[in-house]
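> Build the 3D model from these lines:
(chains A, B, C and D)
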Protein chains: 2
Amino acid sequence: MYLELRHLRSLQAIHRTGSLARAAEHLHLTQSALSHQIKALERHFALPLYHRRHRPLRLTAAGEELLALAERLLPEVAAAEQRLRRVAEGDSGRLHITIECHSCFEWLIPTLDRYRGRWPEVEVDIRLGTHFDPLPALARGDIDLVISSDRVALPDIAFAPLFDYEAVAVLARDHPLTARERLGPEDLREQILITYPVAEERLDVFTRFLAPAGVRPAAVRQSELTAMILQLVASRRGIAVLPDWVVADYLERDYVSARPLDTAGEAGEPGLRGTVYAAVRAAEAERASVAGFIALAREALALRGSSQS
Amino acid sequence: MYLELRHLRSLQAIHRTGSLARAAEHLHLTQSALSHQIKALERHFALPLYHRRHRPLRLTAAGEELLALAERLLPEVAAAEQRLRRVAEGDSGRLHITIECHSCFEWLIPTLDRYRGRWPEVEVDIRLGTHFDPLPALARGDIDLVISSDRVALPDIAFAPLFDYEAVAVLARDHPLTARERLGPEDLREQILITYPVAEERLDVFTRFLAPAGVRPAAVRQSELTAMILQLVASRRGIAVLPDWVVADYLERDYVSARPLDTAGEAGEPGLRGTVYAAVRAAEAERASVAGFIALAREALALRGSSQS
DNA sequence: CAAAATAATGAAATAATTTCATTATGTACC
DNA sequence: GGTACATAATGAAATTATTTCATTATTTTG
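Residues are numbered from 1 along each chain as shown, chains lettered A, B, ... in the order given. Below is the predicted model:
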């Protein structure tokens, strides 16, 4: 095991240029270095590769064999290096996405469609996993992009804000609480709260609204689908807390009512506001295929905002 | 231009063994060396090849690309090295033969037939060239074996004796000179000498028989074919000097007569004796395909000798 | 959370490649 | 045939690359 691509490149260059000296120039070497290299090769195989009493150097049968190998292999190597260069520039590769935000499908699917058109060489996929922690999985390379609203200080992970939202309480149209302009934690104590099937510590309504006030709702029901949650709300089986833009459509159709929350404990404007981020490995944040996805997502979200208002 | 087979072999070994440490063992390296090597590769391509927070090390998209290259290339390299090893051992390659001895076809053709059976991978060919000097051509690799009776002291050329012969004068059966038991140079002064179409300085009859005595025949005629020369002799158009074994058949059939020559000037037994050699490049003399040819030729010649006597 | 396994790191040692300066060899031209 | 030119080979020294050693950092596993 000794033969290296260097040797094949030399063989090929000597063949192309017809002489050691000219080949050496092409390879950015001295004639001496090439001569030594070829001799070392010959010593290794215990075979002459060139007929030495011939000027222009002529290959032996063994030399022909190696040259043929070079002609077969080197184009493949060059092609692979070319592909790698494209991966390095971020024009190809893989983009496996996980969303923590259950209601994000709405804009994600059309964004992915546009993305596939622009970067056809990137293998995109959505990895749905309620069963694993997305950020560690991102760090270790299981997935490449996480859409999430909790920003954790993690080394090597970069967070790009996608959009801001305000979580609002969603109520049946004739729910007594619609009488109030803004709901506080206490207002939920007697209520049934309907959430996505996610641990409570990962739901803002618990961590930032109820828990600080030491309130627990009367019961918690869970549902995977946004439409189902709203149906439950509309039929007075409970109330939900969802991002404003998720319920916008339903409000317009007068399917349900909504009221902002009163986060008295927090600084700044009242209301349970948050930001949805795209989290990526910092090392890859600059890559065209990654930054490109984020840009497309923002475009899609901006459009949504304008059509909504 | 930096990627080397070494890198591909490493990638493959890491993939096969599942860990740097075990791969390093396989490659007869330390774990540290492999780690450095991979890191240098990543630096070169400005790309991570492995997801580092993953313990059985897992390839990135770029790494997969390179591994695929390795899986494609390395078997080809191994096969080529295998073929080279066979060439080195002399089991394949090329054997281009030139004969200086015009009458050698007789045993050469059947010998080549047997040779092809034994070394089917060797490309054999007879290169007839009255137009080039065989020994320099041999030295420079244009041809691989020369059958010749003049042994020249040349570096890097080895001479293997094939058989001894005695050149005899061939005469028409009723030629007056048949009265003599042995012919001297003077006997040829009035004769027409028929030779192969070769320069006189390369014919023993001139250099070792006539020239030392300062004799020239009355005329010289040339013919390419042995049968033609003998026909001319038989029809009294001249006399020829040929190796004994060439004329043996014709003598047996009483087609012509023959008389030995009297080389009074030379030491040892009388008669214009000589040896036919196989000349090869010294570096290749030991190779099975070369030594094998010589052995087969000697066998063929030994058989001929025995059937003749 | 501790222990075990595995990989990364930096500096020093080793090995390899390359260069320089020169010699040797082959080719072409007279 | 010999001389000039082009080209390749050679050996020692310098440079560069690779490998190792000793150690630390990280991840996985029980």
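
> From the contact counts, what lies against the helix or strand where A:Ala302 lies?
Element membership of A:Ala302 [criterion: DSSP states H and E] is helix A:288-308. Applying 3 or more CB pairs under 8 Å, 6 or more residues apart in numbering or on different chains; DSSP states H and E, one finds that helix A:288-308 makes contact with strand A:93-99, helix A:105-118, strand A:157-171, helix A:244-252, strand A:272-281. (Glycine included, C-beta is placed from N, CA and C.)

> could I get these as TSV with mean pLDDT?
Shown next, in TSV, are those (pLDDT from 0 to 100):
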stretch	mean pLDDT
strand A:93-99	87
helix A:105-118	89
strand A:157-171	91
helix A:244-252	86
strand A:272-281	89
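
> Figure out which of those is closest to A:Ile143.
strand A:93-99 (4.5 Å; CB to CB).

> Now look at the closest one and say if it contacts chain B.
Yes. For strand A:93-99, a contact with chain B is found by CB under 8 Å from any CB of the partner chain, at A:Gly93, A:Arg94.

> Please export the C-alpha coordinates of that strand as PDB.
Backbone C-alpha positions of strand A:93-99 (Å, rounded to 0.1, in the frame of the first residue of the first chain) are rendered in PDB as follows:
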ATOM      1  CA  GLY A  93     -25.600  19.100   0.800                       C
ATOM      2  CA  ARG A  94     -28.300  18.300   3.200                       C
ATOM      3  CA  LEU A  95     -30.900  20.300   5.100                       C
ATOM      4  CA  HIS A  96     -32.900  18.300   7.500                       C
ATOM      5  CA  ILE A  97     -35.400  20.500   9.400                       C
ATOM      6  CA  THR A  98     -37.200  19.900  12.700                       C
ATOM      7  CA  ILE A  99     -40.000  22.200  13.900                       C
END
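
> export the helices and strands packed on helix A:288-308 to JSON lines and tack on mean neighbour count?
JSON lines is the format used below for those (neighbours: other CB atoms under 10 Å in any protein chain shown):
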{"stretch": "strand A:93-99", "mean neighbour count": "22"}
{"stretch": "helix A:105-118", "mean neighbour count": "15"}
{"stretch": "strand A:157-171", "mean neighbour count": "20"}
{"stretch": "helix A:244-252", "mean neighbour count": "17"}
{"stretch": "strand A:272-281", "mean neighbour count": "21"}
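
> Figure out which of these is closest to DNA strand C.
Shortest distance between DNA strand C and these, using CB to the nearest atom of the strand, is found for strand A:272-281: 15.0 Å.

> What pairs with the closest one, parallel or antiparallel?
Here strand A:272-281 has these sheet partners by DSSP bridges: strand A:145-148 (antiparallel), strand A:157-171 (antiparallel).

> and after the longest one, which helix or strand comes next?
What it means is strand A:157-171. strand A:192-195.

> thinking again about what came up before, distance to DNA strand D for the strands paired with strand A:272-281 - can I get that in TSV?
Listed next are the strands paired with strand A:272-281 as TSV, based on distance: least, CB to the nearest atom of the strand, whole Å:
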stretch	distance to DNA strand D
strand A:145-148	17
strand A:157-171	12
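
> Rebuild those strands as TSV, extending it with distance to A:Phe45.
Converted to TSV, the strands paired with strand A:272-281 look like this (distance: least, CB to CB, whole Å):
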stretch	distance to A:Phe45
strand A:145-148	50
strand A:157-171	51
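
> what about the closest residue to A:Tyr2 other than its chain neighbours, how many residues close to it?
In space, and not counting its chain neighbours, A:Tyr2 is closest to A:His44: 5.3 Å by CB to CB, 6 or more residues apart in numbering or on different chains. Per other CB atoms under 10 Å in any protein chain shown, the neighbour tally for A:His44 reads 13.

> Dump the helices and strands packed on helix A:288-308 to JSON lines, plus distance to B:Arg202.
Listed next are the helices and strands packed on helix A:288-308 as JSON lines, based on distance: least, CB to CB, whole Å:
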{"stretch": "strand A:93-99", "distance to B:Arg202": "72"}
{"stretch": "helix A:105-118", "distance to B:Arg202": "79"}
{"stretch": "strand A:157-171", "distance to B:Arg202": "85"}
{"stretch": "helix A:244-252", "distance to B:Arg202": "102"}
{"stretch": "strand A:272-281", "distance to B:Arg202": "80"}
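
> Not counting residues beside it along the chain, what's closest to the spatially most central residue of chain A?
Geometric centre of chain A, nearest residue: A:Leu145, 2.5 Å, by CA atoms, centre = their mean. Using CB to CB, 6+ apart and skipping residues adjacent in sequence, the residue nearest A:Leu145 is A:Ile97, 4.7 Å away.

> thinking the one you found is in contact with A:Ile147, fair?
Yes. A:Ile97 sits in contact with A:Ile147 when judged by CB atoms under 8 Å, with a separation of 6.8 Å.

> Which neighbours do these two have in common?
Residues touching both A:Ile97 and A:Ile147 (CB atoms under 8 Å, 6 or more residues apart in numbering or on different chains): A:Leu108.

> The residue nearest to the centre of chain A against A:Glu284, yeah?
No. With contact defined as CB under 8 Å, A:Leu145 does not reach A:Glu284; the gap is 9.0 Å.

> any shared contact partners between the two?
Shared contacts of A:Leu145 and A:Glu284 (CB under 8 Å, 6+ apart): A:Val290.

> Sketch out the low-pLDDT regions of the stretch 151-300 of chain A for me.
Where the stretch 151-300 of chain A drops to pLDDT under 70, the residues are A:265-268.

> Could you check which residue of it lies nearest DNA strand D?
Sorted by distance to DNA strand D under CB to the nearest atom of the strand, the residues of the stretch 151-300 of chain A start with A:Pro155, at 8.6 Å.

> On the three-state scheme, that residue is what?
Here A:Pro155 is recorded as coil under DSSP: H, G, I helix; E, B strand; the rest coil.

> what's the burial count for the closest residue to chain B within the stretch 201-309 of chain A?
Nearest residue of the stretch 201-309 of chain A to chain B: A:Ala283, at 6.9 Å (CB to the nearest CB). A total of 13 residues lie near A:Ala283 under the criterion other CB under 10 Å.

> Check A:Tyr2 too.
Residues near A:Tyr2, counting by other CB under 10 Å, number 11.

> do the same with A:Asp125
A count of nearby residues for A:Asp125, using other CB under 10 Å, gives 12.

> ok, which residues in the stretch 101-250 of chain A are in contact with DNA strand D?
Listed as neighbours of DNA strand D in the stretch 101-250 of chain A under the rule CB under 7 Å from any atom of the strand: A:Arg140.

> How about the residue of the stretch 101-250 of chain A found nearest DNA strand D, nearest residue that isn't a chain neighbour?
Residue nearest to DNA strand D within the stretch 101-250 of chain A (CB to the nearest atom of the strand): A:Arg140, separated by 6.3 Å. Nearest residue to A:Arg140, sequence neighbours excluded (CB to CB, 6+ apart): B:Arg53, at 4.0 Å.

> for that neighbour, helix, strand, or coil?
B:Arg53 ends up coil, using three-state DSSP.

> which secondary structure elements does the helix or strand encompassing the residue nearest to A:Tyr2 contact?
Using DSSP H and E, A:His44 falls within helix A:31-45. In terms of contacts (3+ CB pairs under 8 Å, 6+ apart), helix A:31-45 is packed against helix A:5-17, helix A:20-26, helix B:61-88.
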